[in-house]
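Undergrad: Need coordinates for the following:
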Amino acid sequence: MGRTRGREADKPSSLHRFIRFIPIDCHYFRPLFGTLEEALDYFLSLSVMPPRWSRKPDRKDPEFRRLDDRMTFATHVATFGAINSGLWFFRVFGEKTSELALPGGVPGTPWITAGWALALLAHGVFIFAIARYPDPNPPKKSGTGFGSKS
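TA: The predicted model follows:
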């Protein structure tokens, strides 16, 4: 009973009905998509997220550790951007709206941003330049060559 059949399944959603004939004004997308609906259908059909891991996640696996560390760094960058944009928004907003042109928001905003940016830089240098992910189970060498015991 809950299934839609025939023409009901082919009906567009209310969002699609609303944006069906809105032309795209951006000249970058115009050659690719004629309407906003076509652009939305394309971008919503992409299934690149969330990242998938083909094996059971294990921190002992060097490939998983590398991916996990990079995703943690991406989360760090996103958090830095979101929080600092809010801090600076309120600082500039207070400055523009106060009669004395004094900065608003958190008083130490530049210091917070500078300190966090240095921590973010150190995190990035560690993840991309310093961190090594050796295999915990190196392949065993066979006893060949000089000094091998038979």
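
Undergrad: Where does pLDDT dip in the protein?
TA: By pLDDT under 70, the low-scoring segments of the chain are 1-53, 136, 138-139, 141-150.

Undergrad: mind running it again at 80?
TA: 1-55, 57, 98-102, 135-150 (pLDDT under 80).

Undergrad: can you give me the helices in it?
TA: Residue ranges of the helices in the chain, as given by DSSP state H, are 14-19, 36-45, 62-97, 109-125.

Undergrad: wait, which of these is closest to residue 135?
TA: helix 62-97 (5.7 Å; Cβ to Cβ). Any C-beta I mention is one placed from the backbone N, CA and C, and that applies to glycine too.

Undergrad: Tell me what angle the closest one forms with helix 109-125.
TA: With axes from the mean of the first three to the mean of the last three Cα atoms, to 10 degrees defining the directions, helix 62-97 sits at 160 degrees from helix 109-125.

Undergrad: just to revisit the earlier point, got the helices of the chain as a markdown table, with distance to residue 55 and mean neighbour count columns?
TA: Listed next are the helices of the chain as a markdown table, based on distance: least, Cβ to Cβ, whole Å; neighbours: other Cβ atoms under 10 Å:
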| stretch | distance to residue 55 | mean neighbour count |
| --- | --- | --- |
| helix 14-19 | 38 | 12 |
| helix 36-45 | 27 | 13 |
| helix 62-97 | 8 | 13 |
| helix 109-125 | 26 | 13 |
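
Undergrad: so which of those gets nearest residue 140?
TA: helix 62-97 (17.6 Å).

Undergrad: by contact count, what packs against the closest one?
TA: In terms of contacts (3 or more Cβ pairs under 8 Å, 6 or more residues apart in numbering; DSSP states H and E), helix 62-97 is packed against helix 109-125.

Undergrad: what residues are up against residue 103?
TA: Going by Cβ atoms under 8 Å, 6 or more residues apart in numbering, residue 103 touches 91, 92, 94, 95, 109.

Undergrad: Hmm, I typed the wrong one, I wanted residue 77.
TA: Residue 77 sits next to residue 120 when contact means Cβ under 8 Å, 6+ apart.

Undergrad: Roughly how far does it sit from residue 61?
TA: Counting by Cβ to Cβ, to the nearest Å, the separation of residue 77 from residue 61 is 24 Å.

Undergrad: Same question for residue 123.
TA: Distance of residue 123 to residue 61, given as Cβ to Cβ: 22 Å.
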